[in-house]
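no sequence on hand, only this structure:
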């Protein structure tokens, strides 16, 4: 009699586990992503109208600030990589207001210093870690912008803020 009771109890537990597994598969239970990799698609020009519905209409392009590569990240954030003569690099991210994905490597350890000031009538926020990551962010005409460098020279980002802020425009397509 005791053996029969254990047998029935085991069958009930197996049935319960099966129901839980089936529910997990049916409901497509997902664990939160722990990786920080971004899905990037490279473009020849910063025109993302088919996927994201906007394009970069203007951005710095001269003998010192040279556009290198254009990306669309997670189908909603544009990124342009620039070579800054002599031999430095910066990136510019643009997204509709409220959808910006700040580069994760910039925010891992926080910032040592944050300050706000005005350029071209816009409030600009500068965040930096001495000798390491520096970013400048602003909002204009429904788009958020982040200009950043992972290995800037002293005052490089601050010095280039004006040409980027005054000459960069995104527009709906």
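On my side now, so go ahead. Quick caveat: nothing in here was measured; it's all calculated off a predicted structure.

now stretch 135-147: buried residues?
By neighbour count with 16 or more other C-beta atoms under 10 Å, stretch 135-147 contains the buried residues 135-138, 140, 143-147. (C-beta placed from N, C-alpha, C; glycine too.)

gap between that stretch and the chain center?
If you compare the mean C-alpha spot of stretch 135-147 with that of the full chain, they lie 12 Å apart, counting by C-alpha atoms, centre = their mean, to the nearest Å.

can you give me the end-to-end span of it?
As for stretch 135-147, its first-to-last residue distance stands at 6 Å under the measure C-alpha to C-alpha, to the nearest Å.

average pLDDT for that stretch?
Model confidence over stretch 135-147 averages 95 on the pLDDT scale.

same question, stretch 97-112
Stretch 97-112 shows a mean pLDDT of 78 in the predicted model.

sorry, back to before: got the buried residues of stretch 135-147 as a markdown table, with distance to residue 91 and secondary structure columns?
As requested, the buried residues of stretch 135-147 are exported to a markdown table (distance: C-beta to C-beta, whole Å; DSSP: H, G, I helix; E, B strand; the rest coil):
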| residue | distance to residue 91 | secondary structure |
| --- | --- | --- |
| 135 | 10 | strand |
| 136 | 11 | strand |
| 137 | 13 | strand |
| 138 | 15 | strand |
| 140 | 18 | strand |
| 143 | 16 | strand |
| 144 | 14 | strand |
| 145 | 11 | strand |
| 146 | 8 | strand |
| 147 | 8 | strand |
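
that concludes my questions; thank you for your assistance.
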